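1. sequence first, then the predicted structure, then my questions.
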Amino acid sequence: MPAPAALPRFSADAHARRAARMRAGVEVVGRVGSLVTLTAMLVLAATAGALADGMPAGDETVTATFER
C-alpha cells in the first residue's frame, strides 16, 4: 500500500501574508470604486450644468419639443 501524500503545512507566516494580500486587494478595489464614483459624479454635474445653461456639453444638438 502506498504511503499517503503529505499534507501541506499551514504556518502563521503564510496566514499573515495571505491576510495582507487580501487587505491590499480590498484597498485597491475600494480606491478604484471611489475613482469611478467621483468620475460619475463629475459627469452628472457637467450634464446638469449643461442642462441648466441650455447648452449641450459637446457639439451635439439638443431639441426639446412640448406640445399642448
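-> Yep, it's here. Residues are numbered from 1 along each chain as shown.

2. shaky segments in this structure?
-> For the chain, applying pLDDT under 70 flags the ranges 1-9, 53-58, 62-64, 66, 68.

3. quick one, helices of it?
-> Under the criterion DSSP state H, the chain carries helices at the ranges 12-53.

4. kindly provide the distance from the spatially most central residue of it to Thr61.
-> Nearest residue to the geometric centre of the chain (C-alpha atoms, centre = their mean): Gly33, 2.8 Å. In this structure, Gly33 lies at 35 Å from Thr61, with C-beta to C-beta, to the nearest Å as the measure. The way it works is simple: take the backbone N, C-alpha and C, and place the C-beta from them, glycine included.

5. got the CA coordinates for stretch 25-34 in CSV?
-> Output in CSV follows, covering the C-alpha atoms of stretch 25-34 (Å, rounded to 0.1, in the frame of the first residue of the first chain):
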residue,chain,number,x,y,z
GLY,A,25,-6.7,43.8,-2.7
VAL,A,26,-9.7,45.2,-0.8
GLU,A,27,-8.0,48.5,-0.6
VAL,A,28,-7.3,48.6,-4.4
VAL,A,29,-10.9,47.7,-5.1
GLY,A,30,-12.1,50.5,-2.7
ARG,A,31,-9.8,53.1,-4.4
VAL,A,32,-11.0,52.1,-7.9
GLY,A,33,-14.6,52.3,-6.7
SER,A,34,-14.0,55.8,-5.3
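
6. what's it in contact with?
-> For stretch 25-34, contacts defined as C-beta atoms under 8 Å, 6 or more residues apart in numbering pick out no residues.

7. next one: it to chain centre, how far?
-> Centre-to-centre, stretch 25-34 and its host chain are 7 Å apart (C-alpha atoms, centre = their mean, to the nearest Å).

8. give the buried residues for it.
-> Taking 16 or more other C-beta atoms under 10 Å as the neighbour-count basis, stretch 25-34 is seen to contain no buried residue.

9. give me the neighbour count for Ala24.
-> A total of 10 residues lie near Ala24 under the criterion other C-beta atoms under 10 Å.

10. check Ser11 too.
-> 9.

11. quick check: it vs Ala52, distance?
-> From Ser11 over to Ala52 the distance is 61 Å, taken as C-beta to C-beta.

12. again with Ala19
-> Using C-beta to C-beta, one gets 49 Å for the distance from Ala19 to Ala52.
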